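J.: here you go, sequence then predicted model.
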Amino acid sequence: MNELLVVDSLQDLQEVAAVASTAFEPVVAVPSAPALLERLRAWEADFLAGQARATVAAVRADWQQYIEWCEAQHRTPLPADVDQLAAFINNALIRGRKLSTLKRYVYTVGLIHEAAGLASPAKDARWKRKWGAIRKTLVERTGADGEPDNGNLTRQAGELLTDDIAKILATLGEHPRDLRDAAMLALASDTLARESELVGVRVEHLHQNRAKRSWSLWLPRSKSNQTGERKDYRHVSEETIARVRAWQAAAGIETGLLFLPVGGRPKRRVQAAVAEGREPPIVALGAKEVARIFRRRAVQAGLAHAWSISGHSTRVGTANDLINGGATIAQIMDAGGWRSAEMVAIYTRRSQAGANAVAELRAKQRAAGGRKETE
């Protein structure tokens, strides 16, 4: 699905009107509902054309949460004032939503307001005070077990370091599914590709530099390079290329998408094409399937942290391999296509704990103590 459905969701409301005629104190005039919906319809088309699918999906899901809350509370969605936005966010907080989700909800409600030509409640001078109160409540929140559950801690994906990848690869055989998963894990580890980028890799994206006897993967687009303006090439080892070629040979893939499903029930659109006598479409793996594959292989390999593995685990793991190997933050940013150092720092914080000022101090103290014992 690649529709935003903002206008449809407003038109489908049964219990409340989509647009209020007036709002707030002092009274503010609001455009008529037909005019406002037409403005939103034009914005939807532009938004769909200019944004990544993941962004569209996130805004659609967040807006749907707001619409459902408005209908349940008998509140008109547009326009919302500061108190209405705060009530919506507090309800989400009570339902256990974490900080990043709350921020997304605030952004989405404000985005749709501005798209409709209305003032965003999140830009009202009073919102800062409301948000401060929400943050305070969030900090004090505890889970069912009584432990802090303040929504500020990032649940980082478990890392798949080089040693972890080696353990998984050692468990894989010659079955086509094993060959595919081995190639995918190795390529993800080399390139730090996100799961959404990995499923879009095509055979034609692999390039050989004969002078340097090396390979690279070209990523036409990525989360940090959505328009493809920056040429993004990632290193690929010869060992990984060998695994990729083994998978290609087993699957008969010479061009096009590299990672395809193996076995299982055919997709509905494939079934429909076969039934109609048409050439069935090529169906790629979904991004969510990458996470399931990585986690399943980690479990089979007996990794103690298999439960925490996600589609980003190779990205986290290689970033830590690099920092432990002496790479700079700038070098890691380049290797993984990061725009800022913040996420690199988050991904490698455990590894960097062994290289901070306290670690250096203790090393000097141990060295000094050793010298005194020999004197």
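T.: Looks like it came in fine.

J.: residues in contact with the residue nearest to E204 when sequence neighbours are not counted?
T.: Nearest residue to E204 in three dimensions, chain neighbours excluded: T255, at 6.6 Å (Cβ to Cβ, 6 or more residues apart in numbering). Quick note: C-beta positions are derived from backbone N, CA and C, even for glycine. By Cβ atoms under 8 Å, 6 or more residues apart in numbering, the contact list for T255 reads R202, V203, E204.

J.: closest to E342 out of the residues you listed?
T.: Using Cβ to Cβ, R202 comes nearest to E342 of these, at 30.8 Å.

J.: mind showing which ranges of the stretch 151-300 of the chain have poor pLDDT?
T.: For the stretch 151-300 of the chain, residues meeting the criterion pLDDT under 70 lie at 151-157, 225-228, 264-282.

J.: about what we covered before: distance to A291 and secondary structure for the contacts of T255 - can I get that in a markdown table?
T.: As requested, those are arranged in a markdown table below (distance: Cβ to Cβ, whole Å; DSSP: H, G, I helix; E, B strand; the rest coil):
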| residue | distance to A291 | secondary structure |
| --- | --- | --- |
| R202 | 21 | strand |
| V203 | 23 | helix |
| E204 | 26 | helix |
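
J.: ChimeraX command for the buried members of those residues?
T.: Buried residues within the contacts of T255, as defined by 16 or more other Cβ atoms under 10 Å, are selected in ChimeraX through the command that follows:
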select :202
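
J.: R104 - nearest residue in space that isn't next to it in sequence?
T.: Using Cβ to Cβ, 6+ apart, the closest residue to R104 is D62 (5.4 Å).

J.: quick one, strands of this structure?
T.: 22-23, 28-29, 206-209, 214-218, 233-236 (DSSP state E).

J.: can you list those strands in a markdown table and add distance to G286 and mean neighbour count?
T.: What follows is those, written out as a markdown table (distance: least, Cβ to Cβ, whole Å; neighbours: other Cβ atoms under 10 Å):
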| stretch | distance to G286 | mean neighbour count |
| --- | --- | --- |
| strand 22-23 | 42 | 14 |
| strand 28-29 | 45 | 10 |
| strand 206-209 | 22 | 14 |
| strand 214-218 | 20 | 18 |
| strand 233-236 | 22 | 18 |
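
J.: hang on, the earlier thing: which one of the contacts of T255 is nearest L48?
T.: Of those, the one sitting nearest to L48 (Cβ to Cβ) turns out to be R202, at 24.2 Å.

J.: how about the closest one, what does it touch?
T.: Counting by Cβ under 8 Å, 6+ apart, R202 has contacts T255, G256, L257, L258.

J.: just the buried members of these?
T.: Among the contacts of R202, those classed as buried by 16+ other Cβ under 10 Å are L258.

J.: the closest residue to N320 other than its chain neighbours and A186: what is the separation?
T.: Of all residues not flanking N320 in the chain, S351 sits nearest, at 4.7 Å (Cβ to Cβ, 6+ apart). Going from S351 to A186 by Cβ to Cβ, to the nearest Å gives 22 Å.
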